[in-house]
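> sequence isn't available, so here's the structure alone:
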Ligand code: ATP
Ligand code: MG
Ligand code: FE
């Protein structure tokens, strides 16, 4: 099926067009620059930016793929989780489009969309050379972005996604952004910390690995916590400043990054081992982090786990992954959604599609 997907859950307006499992276009407009001066995403600003970007983005995606709107078989949209106002703009637009085109509408889960991104990827980095590029089940998926840090067990993308664990406080990307801010680096902090860390020693400072003690591992084996780490970095920097000593930004950045990467990869591979699943899929904007990619690939290979990393344009929020998920649902015979759904900012990952008609 030819599917047009709309993604507006956070600050990216994403329009993607796929045919079956083939990516035709993936247009992304970000309002990141508008949020930068506030040091984080401002929901109202994001919602308005989506409203302005949607129409031109749809036109750009159609032009790029050489597809006419009338040829589209189905419309797909993220109904949650995400920012309520931002989601509402996409949901409204998708409904309007589907009704006016008289085409079926699929309302899908953003987090599962991140997993579906893998289906579209060609030439992704993996830890084994003989990988044929197809997503195999079951797979463990680690999603790390500005809003999420989730560890999932995917038995079937269209029917069975289990939440193994998630962050108890800050998302990993959020931690990067907050630590960057206290080091005086601009927003978004992830790329800045990555750059600053290049000249740093990852072993310079032993920052805490959240929820990794034996007692935590019993109850929170697959959960994450980054607020303690952020506080530890803040305290370390303050002590330096109080002593009148310069802050070694490169060492702090490298040591902080190492703490985040270590705990993410350790817990993801623990899940692979526990469930006897030799596959790990990575997704979300934090995957841009070189150290995270390299560590996952290295430690995965050592553990006999194939690590799959879609290209970054499919890892960050985008419409193609939403279209891909709907395409999978259609190919597995699922009915479209009714118009009864709305934006659900806290949609659980187990709800792959909402308002399926029967
Ligand atoms: P959502 O959580 O809904 O997926 P988001 O917009 O918050 O949406 P993304 O756009 O996927 O998330 O990713 C943005 C986050 O990724 C920011 O927190 C940013 O700091 C972080 N990030 C980007 N590049 C890097 C990097 N090289 N290292 C670490 N973090 C990074
Ligand atoms: Mg974003
Ligand atoms: Fe996302």
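Looks like it arrived, so ask away. These numbers come from a predicted model, not from an experiment. Ligands and ions are numbered 1, 2, ... in the order given.
> okay, the residue of the stretch 101-250 of the chain found nearest ligand 3: pLDDT?
Per Cβ to the ion, residue 145 is where the stretch 101-250 of the chain lies closest to ligand 3, at 4.6 Å. Every residue, glycine included, has its C-beta placed from N, CA and C. At residue 145, the model reports a pLDDT of 93.
> who are the contact partners of the residue nearest to it when sequence neighbours are not counted?
Closest residue to residue 145 apart from its sequence neighbours, by Cβ to Cβ, 6 or more residues apart in numbering: residue 284 at 3.6 Å. Residue 284 sits next to 114, 143, 144, 145, 148, 173, 315, 316 when contact means Cβ atoms under 8 Å, 6 or more residues apart in numbering.
> so how far is ligand 3 from the residue most central in space within the chain?
Nearest to the geometric centre of the chain sits residue 284, at 2.5 Å (Cα atoms, centre = their mean). Noted for residue 284: a distance of 6 Å to ligand 3, by Cβ to the ion, to the nearest Å.
> phi first, then psi, for that residue.
With angles defined as degrees, to the nearest 10, residue 284 sits at phi 100, psi 160.
> model confidence score at it, please.
93.
> sorry, back to before: got a winner among the contacts of residue 284 for most neighbours?
Counting neighbours by other Cβ atoms under 10 Å, residue 114 leads those with 33 neighbours.
> one step back: distance-wise, check the residue nearest to the centre of the chain relative to residue 32.
15 Å (Cβ to Cβ, to the nearest Å).
> helices of the protein, residue ranges please.
Per DSSP state H, the chain carries helices over the ranges 32-36, 43-65, 84-101, 110-120, 172-182, 189-197, 214-219, 227-242, 249-274, 290-302, 312-315, 319-331.
> who are the packing partners of the last one?
Helix 319-331 is packed against strand 2-7, strand 12-19, strand 22-30, strand 74-80, strand 105-109, helix 110-120, with contacts defined by 3 or more Cβ pairs under 8 Å, 6 or more residues apart in numbering; DSSP states H and E.
> one more: the first one?
Helices and strands in packing contact with helix 32-36 are listed as helix 43-65; criterion 3+ Cβ pairs under 8 Å, 6+ apart.
> circling back to that earlier point, in contact with the residue of the stretch 101-250 of the chain closest to ligand 3, which residues are there?
114, 171, 172, 173, 284, 285, 286, 316, 317.
> residues near the closest residue to the second one other than its chain neighbours, how many?
Distances taken as Cβ to Cβ, 6+ apart put residue 149 closest to residue 171, at 4.8 Å, once the chain neighbours are dropped. Residue 149 is flanked by 30 other residues according to other Cβ under 10 Å.
> just residue 277 next, same as before
Neighbours of residue 277 (other Cβ under 10 Å): 18.
> any idea how far it lies from residue 268?
For residue 277, the distance to residue 268 equals 10 Å [Cβ to Cβ].
> shared neighbours of these two, anything?
What both residue 277 and residue 268 touch, as defined by Cβ under 8 Å, 6+ apart, is the set residue 140.
> low-confidence stretches in the chain?
121-134 (pLDDT under 70).
> quick check: beta-bridge partners of the residue nearest to residue 171?
residue 144 (DSSP bridges).
> please name the nearest non-neighbouring residue to residue 76.
Residue 76 sits nearest to residue 326 (Cβ to Cβ, 6+ apart), 3.3 Å away.
> and what of residue 200?
Excluding the flanking residues, the one nearest residue 200 by Cβ to Cβ, 6+ apart is residue 254, at 3.0 Å.
> that neighbour contacts residue 194, doesn't it?
No - counting by Cβ atoms under 8 Å, residue 254 does not reach residue 194; the two are 9.8 Å apart.
> so between these two, which is more surrounded?
Neighbour count, other Cβ under 10 Å: between residue 254 and residue 194, residue 254 has more, with 24 against 20.
> what sits against that one?
By Cβ under 8 Å, 6+ apart, the residues touching residue 254 are 196, 197, 198, 199, 200, 201, 202, 204.
> distance to ligand 2 and neighbour count for those residues - can I get that in TSV?
Converted to TSV, these look like this (distance: Cβ to the ion, whole Å; neighbours: other Cβ atoms under 10 Å):
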residue	distance to ligand 2	neighbour count
196	21	21
197	21	23
198	23	11
199	27	12
200	26	21
201	30	13
202	26	18
204	30	15
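> most widely separated two among those residues?
Among the contacts of residue 254, the pair separated by the greatest distance (Cβ to Cβ) is 198 and 204, at 13.6 Å.
> for the nearest residue to residue 183 once chain neighbours are set aside, give me its contacts.
Spatial nearest neighbour of residue 183, chain neighbours left out: residue 249 (5.5 Å); criterion: Cβ to Cβ, 6+ apart. By Cβ under 8 Å, 6+ apart, the residues touching residue 249 are 183, 184, 185, 196, 200.
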